[in-house]
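Visitor: I'd like to go over a predicted model; first the sequence, then the structure.
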Amino acid sequence: MSEAAVTTPKATLATVWLDGCSGCHMSFLDMDERILEIIQRANLVFSPLVDRKDFPDHVDITLVEGAVSSEEDLVKIKKVRAHTKILVSLGDCAVTSNVPGMRNPFTVQSILNRAYVENVTLPHALPSTVIPVLLARARPIHEVVPVDVFVPGCPPSADLIYQILDDLLAGRTPSTGHLRFGA
Ligand code: SF4
């Protein structure tokens, strides 16, 4: 974990969802009433939880769930990195590629065939629109852009997410004492 902290009076906070199941965001919501305390200390400026489509020019802390699996994810994470002071890799999919990475031993073509041709009984075809173009491998975020804080867990607990945010918003380097992989 790198030295990372926010010292501005009212910080800005974002959350981003790449190739993940949303479980890490559910864990964020599981902070319950502590979310109210967090947003007293930081403005939530971008997230699947708020209605804003464009990533802001400057964000102090961005929590990123999920692996980088598609060309769309790649564009998104590069933009997020360019406009974020402290990027937090949130959850095992972000840290190791975890579940999305289970496809990595196979080719993209064989995965698409399996999903859209071999396992269907109705008329079928490979999708040419809507589905983002997959990268050859689902990659952990730090393989693509620098990451400041790693928070493993599937998902990380609400207590751990709160602790990380509390530390960063207080200007402290987050403690690594409670970090672990898996549920
Ligand atoms: S780390 Fe676990 S909970 Fe989080 S997105 Fe991946 S599979 Fe879902």
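Guide: Now that the structure is in, tell me what you want to look at.
Visitor: okay, the residue nearest the centre of the chain: pLDDT?
Guide: When the chain is reduced to its mean C-alpha position, the nearest residue by Cα atoms, centre = their mean turns out to be residue 65, at 1.7 Å. Reading off the confidence values, residue 65 has pLDDT 98.
Visitor: wait, it sits on residue 27?
Guide: No: using Cβ atoms under 8 Å, residue 65 makes no contact with residue 27, being 9.2 Å away. No exception for glycine: its C-beta is placed from N, CA and C like everyone else's.
Visitor: which neighbours do the two share?
Guide: Shared contacts of residue 65 and residue 27 (Cβ atoms under 8 Å, 6 or more residues apart in numbering): residue 91.
Visitor: for the residue nearest to the centre of the chain, give the beta-bridge partners.
Guide: Assessed by DSSP bridges, residue 65 has beta-bridge partners residue 17, residue 90.
Visitor: residues in contact with it?
Guide: 15-18, 20, 22, 24-25, 90-91, 93-94 are the contacts of residue 65 under Cβ under 8 Å, 6+ apart.
Visitor: show me where pLDDT drops low in this protein?
Guide: Residue ranges of the chain with pLDDT under 70: 1-9, 176-178.
Visitor: for it, which segments count as strands?
Guide: Using DSSP state E, the strands of the chain run over 11-17, 42-46, 59-65, 68-70, 84-90, 134-139, 149-151.
Visitor: is the fourth one up against the ligand anywhere?
Guide: Spelled out, that is strand 68-70. No: judged by Cβ under 6 Å from any ligand atom, strand 68-70 stays clear of the ligand, getting no closer than 11.4 Å.
Visitor: check which helices and strands that strand sits against.
Guide: Packing partners of strand 68-70 (3 or more Cβ pairs under 8 Å, 6 or more residues apart in numbering; DSSP states H and E): strand 134-139.
Visitor: show me what the strand it packs on packs onto, helices and strands only.
Guide: Counting contacts by 3+ Cβ pairs under 8 Å, 6+ apart, strand 134-139 is packed against strand 68-70, helix 71-82, helix 108-113.
Visitor: so which of these is the most surrounded?
Guide: Of all the helices and strands packed on strand 134-139, strand 68-70 has the most neighbours on average by mean count of other Cβ atoms under 10 Å, namely a mean of 23.
Visitor: many thanks, I have nothing further to ask.
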